[in-house]
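Q: okay, sequence plus prediction incoming.
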Amino acid sequence: MKSYTAAAIQMTSLPDLQKNLSEARDLIELAIRQGAELIGLPENFSFMGEEEDKLMQGSEIAEETEKFLKTTAQRFQVTLLGGGFPVPKGEGKVCNTALLVDPTGQELARYEKVHLFDVNVPDGNTYCESATVKAGTDFPPVYNSPELGQLGLSVCYDVRFPELYRHLSKQGAEVLFVPAAFTAYTGKDHWEVLLKARAIENTCYVIAPAQTGCHYGRRHTHGHAMIIDPWGMILADGGDQPGVALADIEPTRLQQVRRQMPSLKHRVF
Ligand SMILES: O=C(O)CNC(=O)[C@H](CS)NC(=O)CCC(=O)C(=O)O
């Protein structure tokens, strides 16, 4: 693993596939110009809209999004994570899928979100992700990149389930991806704390691309795409506007923190 710059992209995705993909391309280009070699896009980056529309356009979204990730990674010679898009799975449902591709456009790793957000948020919004999404059944993968380190995947609501990240760190993860579309209401109190906890308890970098602002109707997301170091320090915070949070990922810092705080070695369970 070498030192390199990573980027967590922040977007306000809309119920408009082509518009979102073009916005994502612009933000990727912005990150590339600042030297990013590993770039993460948030959950729902290619489509954020009503559940029925997501289902109806499911196969188009899946096809176009996958093609976009592969051609864009190739065009900019970058490793790219698409942080959650619908892939039809039959029976009228999709899997909320994250996809990691390399600079040649090859698929490196794929993960289907296992924890579905079925929650009545106290602000009056009701979420029932399981109405349209089929839960994945497998732990997320850790992709071992000789250059970028061991990259573990997850999606959004997963961040509340520490056992998933413990699994990733047991598999050797050094960098944890948490692409998200956190609600504005839960995000203000929980987002930063949860991300810091996952970084600290696993002594891993956390790269958390995010959705921000108002997408449609009453859907408001929290923003604050961020990159956190293995000591739990915030290296970059994307605020509440679309943009890019950039930070350096340094193997020497990772090793230093793991020497200073060898908690992974002291695991009992
Ligand atoms: O809101 C939307 O339209 C898009 N959001 C999503 O697709 C997903 C599933 S509904 N959101 C989350 O998992 C939020 C988790 C969260 O906010 C928490 O854990 O507090």
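A: Looks like it came in fine.
Q: rest of the way, CA atoms for contacts and neighbours
A: OK.
Q: could I get the full set of helices for the protein?
A: 17-33, 51-56, 58-76, 162-170, 184-202, 251-260 (DSSP state H).
Q: to Ser145, which of those lies closest?
A: helix 251-260 (12.8 Å; CA to CA).
Q: so how far is the closest one off the chain centroid?
A: 24 Å (CA atoms, centre = their mean, to the nearest Å).
Q: only alpha carbons, please: show that helix as CSV.
A: What follows is helix 251-260, C-alpha atoms only, in CSV (Å, rounded to 0.1, in the frame of the first residue of the first chain):
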residue,chain,number,x,y,z
PRO,A,251,0.0,3.6,5.4
THR,A,252,2.5,5.0,7.9
ARG,A,253,-0.3,6.7,9.8
LEU,A,254,-2.3,3.5,9.8
GLN,A,255,0.7,1.5,11.1
GLN,A,256,1.4,4.2,13.7
VAL,A,257,-2.2,4.2,15.1
ARG,A,258,-2.3,0.4,15.1
ARG,A,259,1.0,0.4,17.2
GLN,A,260,-0.3,3.1,19.5
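Q: and the closest residue to the ligand within the stretch 101-250 of the chain, how close does it get to Pro141?
A: The ligand sits closest to Phe182 of the stretch 101-250 of the chain, with a gap of 3.4 Å, by CA to the nearest ligand atom. Going from Phe182 to Pro141 by CA to CA, to the nearest Å gives 22 Å.
Q: ok, the two, which is more surrounded?
A: Phe182 (22 against 19; other CA atoms under 10 Å).
Q: right, and that one touches Arg219 too?
A: No. In terms of CA atoms under 8 Å, Phe182 does not count as a neighbour of Arg219; the distance is 10.1 Å.
Q: my guess is Glu51 meets Ser130, correct?
A: No. Between Glu51 and Ser130 there is no contact under CA under 8 Å: 10.5 Å.
Q: and the helices of the chain: which comes nearest Arg110?
A: Here helix 58-76 is closest among the helices of the chain (CA to CA), at 11.2 Å.
Q: what sits against the residue of the stretch 101-250 of the chain closest to the ligand?
A: 156-157, 191, 210-211, 221-223 (CA atoms under 8 Å, 6 or more residues apart in numbering).
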